[in-house]
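Colleague: Pasting the sequence and the predicted coordinates here, then a few questions.
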Amino acid sequence: MTFRDDAQFNADQVQVSRSGGGGFMGPGMIGLGGGAAGLVLLVLTLLLGGDPGAALNSLDQGGDGSAQQGAARDTAHCRTGADANTSVDCRILFTMQSLNDVWSAQLPAQAGKRYTPPKVNLFKGSVSTGCGPATSSVGPFYCPADHTAYFDTDFFRTLVNRFGSSGGPLAQEYVVAHEVGHAVQNQLGLLSKVQSSRHGPTSAAVRSELQADCLAGVWAHYAASTPAPGGGRPLLHELTDKDVKDALSAASAVGDDRIQSASRGGVSPESWTHGSSAQRQAWLLSGYRSGSMRACDTFSAGDLNNPAANHPA
């Protein structure tokens, strides 16, 4: 899905956080899955103001602790949609702007909640966050403590080269939309459901990740029809069949079964935290086709393999 070349970046809509430095992934971070070092699992460790003993332990298997010093990326060149169509950094910022447009309209309309846009941080190597230090090996993640989505754009090359994603603009935009999906969950109080260390194909961790995929689909449903503030044209052109295939390819690439098979040669469903490739694709499509947050109720779903069976038309 490409941006209109004449679309304008609105810095008032997207708050860019600029922190550098860091180390290992700290408590509270919620990752997409498929980190750059080939992580099999990203354990959800939520510190949401509750009992710290109920929070999960952090995990980083991606390095030896000698992370490169991080630095915030310069995004001053991200001014128009044409920039977003040629630069990954700019595409992330413009996608955040589109997400803010969509959720500012849809969260009040569908859930009766006011939307508070998360901040975005583009870093290289390592970063300090409200949830602790992190390295690029963990992949993209959302930190509830500072309400910020973090991205090292090198991840997108890993998604293609290591895990076989087809690439493409909507594949990258899906990753951003997934992390903002976690921000929406946080504002709805849903992240508190993930308060145990249990893993597995029907665990709360998996349900949370599949719901974030579905919410990414809800954004895609409205992205090309939601006007910019003040009645301006939508930032994005209509989706094409190739766009949808690219997004589904990215969702498949970060399935637990796909990552486990690629990194260890076998699949262990009892250790899943994000869901299978097929599940991630199915819930992304559920949100995209319906445009309804009700279609994203993974926590009450009896069958995570078939979203339509839980929410019949």
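Modeller: Done, it's in. Numbers count the residues shown, from 1 in each chain.
Colleague: tell me what the strand of greatest length in the chain is packed against?
Modeller: Using DSSP state E, we find that the single longest strand of the chain is strand 119-124. In this structure, strand 119-124 makes packing contacts with strand 71-72, helix 88-111, strand 148-151, judged by 3 or more C-beta pairs under 8 Å, 6 or more residues apart in numbering; DSSP states H and E. The way it works is simple: take the backbone N, C-alpha and C, and place the C-beta from them, glycine included.
Colleague: any idea which of these is most buried?
Modeller: Relative to the other members of these, strand 148-151 carries the highest mean neighbour count by mean count of other C-beta atoms under 10 Å, namely a mean of 26.
Colleague: circling back to that earlier point, so for Lys119, which of the helices and strands packed on strand 119-124 sits nearest?
Modeller: Ranking the helices and strands packed on strand 119-124 by proximity to Lys119 (C-beta to C-beta) places strand 148-151 first, at 4.2 Å.
Colleague: circling back to that earlier point, what's the offset of the following helix or strand past the longest strand of the chain from the middle of its chain?
Modeller: Heading C-terminal from strand 119-124, the first helix or strand you meet, by DSSP states H and E, is strand 126-129. Between the centre of strand 126-129 and the centre of its chain there are 17 Å (C-alpha atoms, centre = their mean, to the nearest Å).
Colleague: Partner strands of strand 126-129, with direction?
Modeller: Sheet pairing here is set by DSSP bridges, and for strand 126-129 it gives strand 132-135 (antiparallel).
Colleague: least trustworthy helix or strand in this protein by mean pLDDT?
Modeller: Averaged element by element with mean pLDDT, DSSP states H and E, the chain has its least confident helix or strand at strand 71-72 (a mean of 49).
Colleague: show me what contacts the closest residue to Lys113 other than its chain neighbours?
Modeller: The shortest distance from Lys113 to any non-neighbouring residue, by C-beta to C-beta, 6 or more residues apart in numbering, is to Leu107 (5.1 Å). Counting by C-beta atoms under 8 Å, 6 or more residues apart in numbering, Leu107 makes contact with 113-115, 184, 187.
Colleague: gap between Leu107 and Asn100?
Modeller: Spatial separation of Leu107 from Asn100 under the definition C-beta to C-beta, to the nearest Å is 10 Å.
Colleague: Straight-line length of stretch 120-137, end to end?
Modeller: Counting by C-alpha to C-alpha, to the nearest Å, you get 18 Å between the two ends of stretch 120-137.
Colleague: cool, stretch 283-302 as well?
Modeller: Start-to-end, stretch 283-302 (C-alpha to C-alpha) is 14 Å.
Colleague: can you check stretch 236-243 too?
Modeller: Where stretch 236-243 starts and where it finishes are 12 Å apart, if you go by C-alpha to C-alpha.
Colleague: Out of the helices and strands packed on strand 119-124, which gets the lowest mean score?
Modeller: The stretch with the lowest mean pLDDT among these is strand 71-72, at a mean of 49.
Colleague: If you drop the residues flanking it in sequence, what lies closest to Cys78?
Modeller: Distances taken as C-beta to C-beta, 6+ apart put Cys90 closest to Cys78, at 3.7 Å, once the chain neighbours are dropped.
Colleague: which stretches of the protein form helices?
Modeller: In the chain, helices defined by DSSP state H lie at 81-84, 88-111, 154-161, 169-188, 204-223, 241-253, 256-264, 277-290, 307-310, listed in chain order.
Colleague: could you give the mean pLDDT of the fifth one?
Modeller: Model confidence over helix 204-223 averages 97 on the pLDDT scale.
Colleague: and the angle from that helix to helix 241-253?
Modeller: The directions of helix 204-223 and helix 241-253 differ by 170 degrees, with axes from the mean of the first three to the mean of the last three C-alpha atoms, to 10 degrees as the criterion.
Colleague: tilt between helix 204-223 and helix 256-264?
Modeller: Taking the same axes, to 10 degrees, one finds that helix 204-223 is oriented at 110 degrees with respect to helix 256-264.
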